[in-house]
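Asks: okay, predicted coordinates and the sequence, questions at the end:
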Amino acid sequence: MKTHQNTNGKKMHAEELIIHLGLKPLPWEGGWYRETWRTESTIPSDVLGDAYSGGRSAGTAIYYLLTPETVSRMHRLPSDETFHFYMGDAVEMLLLYPPETGATRSRIVTFGQDIANCQHVQFTVPGNVWMGARLKAGGTYGYALMGTTVSPGFDFDDLEMAEDGVLAKAYPDRKGLIAALS
């Protein structure tokens, strides 16, 4: 298994990243995370509207780690979420757009450092778009370290997990990948 080296030449493995970054399991969704930033500024609920159960921080950020044993299960947020790829294996993310957006019904975005081959080091998922992710097959590191920035800020009250089978019926052309990410 290939590893990254820190500035002292020490090779990093997923388990070491979990310890060094103080990551913990992300409930419901999967993967490993640690919140790294939450603004003191808040957006009041009357400004946010019905999509939120109360006021929210103006923004939040986390570290996010996927391993071969974990996936980011299909979920959505009312807020926009920007993903940042830091290091490791490429990640494939399935996006399922609501029919009312008039956008493409589904899309796979690949995160990684191979920009010449259409991999993204940064990509924003609009609010209310279903998303799920996993390591892309054929990786060599055994993990992907990413980060996300959410605005209005993340709150577990906003997390909506997909119900079994509902997305597969609505997006039958992505049924296999939806099952792998559920």
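Replies: Good, I have the coordinates.

Asks: tell me the SS of Ile108?
Replies: Assigned state for Ile108: strand (three-state reduction, DSSP: H, G, I helix; E, B strand; the rest coil).

Asks: and for Leu177?
Replies: helix.

Asks: stretch 42-50: end-to-end distance?
Replies: Distance across stretch 42-50, first residue to last, is 16 Å (Cα to Cα, to the nearest Å).

Asks: what do you get for stretch 120-128?
Replies: Start to finish, the residues bounding stretch 120-128 are 21 Å apart (Cα to Cα).

Asks: give me the distance from that stretch to the chain's centre.
Replies: Using Cα atoms, centre = their mean, to the nearest Å, the mean C-alpha position of stretch 120-128 is found 9 Å from that of the whole chain.

Asks: show me where this protein has its helices.
Replies: 14-21, 45-48, 166-170, 175-180 (DSSP state H).

Asks: of the ones you listed, which approaches Gly142 most closely?
Replies: helix 14-21 (5.7 Å; Cβ to Cβ). For the C-beta atoms, the positions are set from N, CA and C on the backbone; glycine is no exception.

Asks: quick one: buried residues of that closest one?
Replies: For helix 14-21, burial by neighbour count (16 or more other Cβ atoms under 10 Å) applies to 14, 17-18.

Asks: what sits closest to Thr42 if chain neighbours are left out?
Replies: Excluding its sequence neighbours, the residue lying closest to Thr42 (Cβ to Cβ, 6 or more residues apart in numbering) is Gly55, at 4.9 Å.

Asks: now Val121
Replies: Phe85 (4.8 Å).

Asks: confidence score at that neighbour?
Replies: At Phe85, the model reports a pLDDT of 98.

Asks: ok, what's across the strand from it?
Replies: Met146 (DSSP bridges).

Asks: could the helices of the chain go into CSV alongside mean pLDDT and distance to Ala61?
Replies: Output for those, formatted as CSV (pLDDT from 0 to 100; distance: least, Cβ to Cβ, whole Å):
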stretch, mean pLDDT, distance to Ala61
helix 14-21, 97, 13
helix 45-48, 94, 19
helix 166-170, 93, 27
helix 175-180, 96, 27
